[in-house]
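Colleague: Let's see this in three dimensions:
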Amino acid sequence: DDTAYNLWRSLGVEDSHIIRMDTNFWEIGEGPSGPDTEIFFDRGEEHDPRGPIVIAEELENDRYIEIWNVVFSQYNAEPGKKKREEYNELPSKNVDTGAGLERFACVLQGVDSNYDTDLFTPIIDKIVEISGVKYEGQMAFKVIADHVRSTVFALSDGATFSNEGRGYVLRRILRRAVRYAKKLGVKEPLLYKLVPACIDTMKVFYPYLLEQQEVVTKQIKLEEEKFLSTLESGEKRLLDYIKHNQESKVITGEVAFLLYDTFGFPFELTLELAEENGFTVDEEGFRE
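Modeller: The predicted structure is shown next:
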């Protein structure tokens, strides 16, 4: 994108700090799209001896963190058409820009990941206190901290747990966190105890969270209790099936549906448990 490239240079950015990529184009389905500039922060060689080539070749690394993205929305993306060559220009163009709060905090606080910033550490410290497990970067702590924060905000904003729409997405988020809590050896409801830590971190900027704290805590506790009961019986049945079907390594559609329909065991958890045990699931049979 020549316009952006020339603008960066006019502002004094050296050529060695600009990586030009024809493929750097932002779109998400039909609608506004365009070339974009991603701004990365270099955390230094101690995180990865390789240089900017890892950005150019889009390689996994811990050295360069994308802290900001600037999209020059100038095209209307349409299914079946080629980028730029066939997209129509937008009648009103704009610059869509946004920085990541957690990523900025990570860089400014000089820590290894978003979860080591003071946006998440109070929640993780509380999980450590309740579980008795030392935090050493385990995925379980990150999932629980992230998911409980999402749940607290969603419930405070008026969402509810349900079996459809956004309520079902919220239910799935909470249930995934509950499963990870079990991996830490916590068998009783845990997430509702983390609500105060979530709110303490954000109450200055979102005071309404304090007003909703009691209601949100009760909703989360009730949902946890219901799910733990469902989880225990469903997991037991599924693991028993896995134990006796080691040769096939397949969970049939009928079994997956029985767990889901009769015992209330979520299909996505059947998929997760199957993968953890080297099994596949007959998804087509389940849907049929």
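
Colleague: Run through the helices of the stretch 51-200 of the chain in chain order.
Modeller: Assigned helices in the stretch 51-200 of the chain, in chain order: 53-56, 101-109, 121-131, 139-156, 165-183, 195-202 (criterion: DSSP state H, counting those that start in this stretch).

Colleague: Those: which one's closest to Val281?
Modeller: Among those, the nearest to Val281 by Cβ to Cβ is helix 165-183 (16.6 Å). C-beta coordinates here come from the backbone N, C-alpha and C atoms, glycine included.

Colleague: what's the angle between the closest one and helix 139-156?
Modeller: Per axes from the mean of the first three to the mean of the last three Cα atoms, to 10 degrees, the angle that helix 165-183 makes with helix 139-156 is 150 degrees.

Colleague: So for helix 165-183, what gets flagged as buried?
Modeller: Residues of helix 165-183 classed as buried by neighbour count (16 or more other Cβ atoms under 10 Å): Leu170, Arg171, Ile173, Leu174, Arg175, Arg176, Ala177, Val178, Arg179, Tyr180, Ala181.

Colleague: and the least confident of the residues you listed?
Modeller: Ranked by pLDDT, the buried residues of helix 165-183 bottom out at Arg179 (86).

Colleague: so where's the protein shaky on pLDDT?
Modeller: Scanning the chain for pLDDT under 70 picks out no residues.

Colleague: And the strands in it?
Modeller: 25-26, 31-42, 64-77, 88-99, 250-251, 280-281 (DSSP state E).

Colleague: how much does the longest one deviate in direction from helix 101-109?
Modeller: When you say that, I think you mean strand 64-77. Using the same axes, to 10 degrees: strand 64-77 against helix 101-109 is 150 degrees.

Colleague: Name the residues of strand 64-77 that come out as buried.
Modeller: For strand 64-77, using 16+ other Cβ under 10 Å, the buried residues are Tyr64, Ile65, Ile67, Val70, Val71, Phe72, Ser73, Gln74, Tyr75, Asn76, Ala77.

Colleague: Could you export these to JSON lines, including columns for distance to Arg84?
Modeller: Below are the buried residues of strand 64-77 laid out as JSON lines (distance: Cβ to Cβ, whole Å):
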{"residue": "Tyr64", "distance to Arg84": "26"}
{"residue": "Ile65", "distance to Arg84": "28"}
{"residue": "Ile67", "distance to Arg84": "26"}
{"residue": "Val70", "distance to Arg84": "17"}
{"residue": "Val71", "distance to Arg84": "14"}
{"residue": "Phe72", "distance to Arg84": "12"}
{"residue": "Ser73", "distance to Arg84": "13"}
{"residue": "Gln74", "distance to Arg84": "9"}
{"residue": "Tyr75", "distance to Arg84": "7"}
{"residue": "Asn76", "distance to Arg84": "11"}
{"residue": "Ala77", "distance to Arg84": "10"}
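
Colleague: Of these, which is the nearest to Gly100?
Modeller: Closest to Gly100, out of all of the buried residues of strand 64-77 and judged by Cβ to Cβ, is Ile67, at 6.2 Å.

Colleague: re earlier: out of the buried residues of helix 165-183, which is nearest to Val250?
Modeller: Arg179 (22.1 Å).

Colleague: quick one, which of the helices of the stretch 51-200 of the chain is nearest to Glu235?
Modeller: Closest approach to Glu235 among these is made by helix 165-183 (8.7 Å; Cβ to Cβ).

Colleague: Show me what that closest one is packed up against.
Modeller: Applying 3 or more Cβ pairs under 8 Å, 6 or more residues apart in numbering; DSSP states H and E, we find helix 165-183 packed against helix 139-156, helix 208-243, helix 267-276.

Colleague: Residues touching the first one, excluding its own?
Modeller: Spelled out, that is helix 139-156. The contact list for helix 139-156 (Cβ atoms under 8 Å, 6 or more residues apart in numbering) reads 115, 120, 123-124, 127-128, 135, 166, 170, 173-174, 176-177, 180-181, 183-184, 190-191, 194-195, 198-199, 206, 208-209, 212, 215-216, 219-220.
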